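In: Need a 3D model of the sequence below.
(one chain, ligands or ions: 1)
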Amino acid sequence: QGRLEGKTILITAAAQGMGRACALACAAEGAKVIATDIDAAHLASLAQESSAIQTELLDVRDAAAVQALAARTPALDVLFNCAGIVANGTVLDCTEADWDRSFEINVKSMFQMTRAFLPAMLAHAKADGGSVSIINMASMASSIKGFANRAAYGATKAAVIGLTKSIAADFIRQGVRCNALCPGTVDTPSLRGRIASAADPVQAEKDFIARQPIGRLATVDDITPLVIYLASDESQFVTGQALLVDGGVTI
Ligand code: NAD
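Out: Numbering: from 1, shown residues only. Predicted coordinates for the structure are as follows:
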């Protein structure tokens, strides 16, 4: 405990899933957490779980709202761009609307968030000796590995890794680090939704488990330790990396 003492961390898509688990884990490590999402009800229940968590309604697609939040937020130590959606389909049956929506939420949001919050983080980083960190949510389904029916998703998450490396290269001498997190299949509300909407949900769950050589789905608690590490000064020499937590999928 206390590994993030004195740090302010903003997380997008923090009402559910990995974002929520990371908000709670960062607060438990002493951080002041700004948890943002479009889901007011789940944000409200999150705020009740820790006095260190402040919540803000934020749609990552809304560039003006992103700018407005940045303008009234003190300089961050850590920005965790977690928001992302999964569009189903091959390149032939992914609609143009799904393609555009995927890039808007999964990639353009990170461009907007980083442009809005990075200037203050840069000023802070110089004074602070370089412990400022950006964490971008990618996936093992990206430039790392191809999966069936994930054309738009895989393309967006590959773009996240590219953007991450570019930010890391551009700001390394200014005390800012940027890394991408690449989870395997994690048991979260959206994964449960994907399983439930399959033609055969029982088989779909078995298939999701079977693709992980370790023999089970990840839980959010398998993912939070890496986020704590990337947010903390323990990872000061780590930047521009796409870090996998995938239960052996890419062995
Ligand atoms: P989730 O999908 O269950 O929850 C996502 C949250 O995002 C919800 O609270 C939702 O309200 C919020 N959200 C949706 N659209 C938003 C928007 N426009 N602005 C702000 N918030 C919005 O959570 P999860 O499964 O932990 O996924 C989080 C991230 O992790 C995503 O980027 C996803 O692609 C990535 N990821 C998930 C898995 C997995 O197996 N679950 C694996 C690898 C990567």
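In: Who does the strand or helix carrying Ile9 pair with, and is each partner parallel or antiparallel?
Out: Assigning secondary structure by DSSP states H and E places Ile9 in strand 8-11. The strands that strand 8-11 pairs with in its sheet are strand 32-37 (parallel), strand 78-81 (parallel) (by DSSP bridges).
In: Skipping adjacent residues, who's closest to Ala40 in space?
Out: In space, not counting the residues next to it along the chain, Ala40 is nearest to Leu57; the distance is 5.9 Å by CB to CB, 6 or more residues apart in numbering. C-beta coordinates here come from the backbone N, C-alpha and C atoms, glycine included.
In: Verify the contact between the one you found and Ala44 for me.
Out: No: using CB atoms under 8 Å, Leu57 is not in contact with Ala44; the gap is 10.3 Å.
In: Pick out whichever of these two has more residues nearby.
Out: Leu57 (14 against 11; other CB atoms under 10 Å).
In: mind listing what the more buried one touches?
Out: 36-38, 40, 43 (CB atoms under 8 Å, 6 or more residues apart in numbering).
In: Can you list the residue ranges for strands in the stretch 101-250 of the chain?
Out: Counting by DSSP state E, counting those that start in this stretch, the stretch 101-250 of the chain has strands at residues 132-137, 176-183, 242-245.
In: Any chance of JSON lines for these, columns distance to Gly193 and mean pLDDT?
Out: What follows is the strands of the stretch 101-250 of the chain, written out as JSON lines (distance: least, CB to CB, whole Å; pLDDT from 0 to 100):
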{"stretch": "strand 132-137", "distance to Gly193": "17", "mean pLDDT": "98"}
{"stretch": "strand 176-183", "distance to Gly193": "17", "mean pLDDT": "98"}
{"stretch": "strand 242-245", "distance to Gly193": "21", "mean pLDDT": "98"}
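In: Using TSV, lay out those together with distance to the ligand.
Out: Shown next, in TSV, are those (distance: least, CB to the nearest ligand atom, whole Å):
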stretch	distance to the ligand
strand 132-137	4
strand 176-183	4
strand 242-245	9
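In: Next, format the ones you listed as JSON lines and append distance to Thr219 and mean neighbour count.
Out: Shown next, in JSON lines, are the strands of the stretch 101-250 of the chain (distance: least, CB to CB, whole Å; neighbours: other CB atoms under 10 Å):
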{"stretch": "strand 132-137", "distance to Thr219": "16", "mean neighbour count": "27"}
{"stretch": "strand 176-183", "distance to Thr219": "11", "mean neighbour count": "26"}
{"stretch": "strand 242-245", "distance to Thr219": "11", "mean neighbour count": "19"}
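In: Of those strands, which is nearest Ala152?
Out: Taking CB to CB as the criterion, Ala152 comes closest to strand 132-137 out of these, the separation being 15.7 Å.
In: quick one, the closest one and strand 176-183 angle?
Out: Between the axes of strand 132-137 and strand 176-183, defined by axes from the mean of the first three to the mean of the last three CA atoms, to 10 degrees, the angle is 20 degrees.
In: Show me how far strand 132-137 is from its chain's centre.
Out: What separates the centre of strand 132-137 from the centre of its chain is 8 Å, taken as CA atoms, centre = their mean, to the nearest Å.
In: if we can go back for a sec, what about the strand holding Ile9 and the ligand, any contact?
Out: No: applying CB under 6 Å from any ligand atom, one finds strand 8-11 out of contact with the ligand, separated by at least 10.1 Å.
In: Can you measure across stretch 166-175, start residue to end residue?
Out: When the termini of stretch 166-175 are compared using CA to CA, to the nearest Å, they are 15 Å apart.
In: mind checking pLDDT for Asp124?
Out: Quick fix: residue 124 reads His, not Asp. Turning to His124, the model gives it a pLDDT of 87.
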